[in-house]
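Q: fold the following and give me the result.
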Amino acid sequence: MTPLAVPITMQLAWLFTLAIPVACVAWTVTHEEVFREPREYCAERSRSAPSLVQRKFYYLFTCEYCFSHYVAFAALWLTHFRLLIDGWGGYLLAWFALVWIANQYIGIHGRLRVSIKAESTEIKVMEEQMRDGGSGGTPSARPPE
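A: Residues are numbered from 1 along each chain as shown. Modelled structure (predicted):
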């Protein structure tokens, strides 16, 4: 196998950049409201389909890690991106590296969303406490009169 003529810095730039849309599509399909109904259908079919192959097929649309393999494969097919070496080996390396980087992005995104939601909930609780005079709405928290 021969090394690619493309400089490694350019290959890495492609890898980290291509992982962004892969992560975005995988997250959107497996988590966002816009695909909720098809995802719920697939989740139900992944539990109740008569054959193992059907159950696994439907499961792919509910798991961001699994689905990212197919999105990454499509991205490589569209871009012809290879990593380190020419030929099918370069495609295989690119595929697994792309899936790994995309899932790192997905993990970061997921943690950020949880953190933002927790902060938002804390702010709402603090606003309610301030509206109630800082007592948290419980009579026992107020000093006796």
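Q: and the lengthiest helix in the chain, how far out from the chain middle?
A: Among the elements of type helix in the chain, defined by DSSP state H, the one spanning the most residues is helix 88-131. Helix 88-131 sits 7 Å away from the centroid of its parent chain (CA atoms, centre = their mean, to the nearest Å).
Q: so what's residue 55 up against?
A: Shown here is residue 55, whose contacts under the criterion CB atoms under 8 Å, 6 or more residues apart in numbering are 45, 46, 47, 48, 49. The C-beta positions use only the backbone N, C-alpha and C, and glycine is treated the same way.
Q: out of those, which are buried?
A: Among the contacts of residue 55, those classed as buried by neighbour count (16 or more other CB atoms under 10 Å) are 45, 46, 49.
Q: CSV please, covering those and showing distance to residue 63 and secondary structure.
A: Shown next, in CSV, are the buried ones among the contacts of residue 55 (distance: CB to CB, whole Å; DSSP: H, G, I helix; E, B strand; the rest coil):
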residue, distance to residue 63, secondary structure
45, 14, helix
46, 9, helix
49, 15, coil
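Q: which of the residues you listed lies closest to residue 62?
A: For residue 62, the closest of those turns out to be residue 46, at 6.2 Å, with distances computed as CB to CB.
Q: ok, the closest one - contacts?
A: Listed by CB under 8 Å, 6+ apart, the contact set of residue 46 reads 55, 56, 58, 59, 62.
Q: ok, now residue 8?
A: Counting by CB under 8 Å, 6+ apart, the residues that residue 8 touches are residue 84.
Q: distance of the closest residue to residue 29 other than its chain neighbours relative to residue 75?
A: The shortest distance from residue 29 to any residue other than its chain neighbours is 5.2 Å, reached at residue 35 (CB to CB, 6 or more residues apart in numbering). Taking CB to CB, to the nearest Å as the measure, residue 35 and residue 75 are separated by 19 Å.
Q: specify which residue of those two has the higher count of neighbours.
A: It is residue 75, of residue 35 and residue 75, that has more neighbours when counted by other CB atoms under 10 Å, with 20 against 14.
Q: touching, that one and residue 20? I think so.
A: No. With contacts counted by CB atoms under 8 Å, residue 75 stays clear of residue 20, the gap being 10.2 Å.
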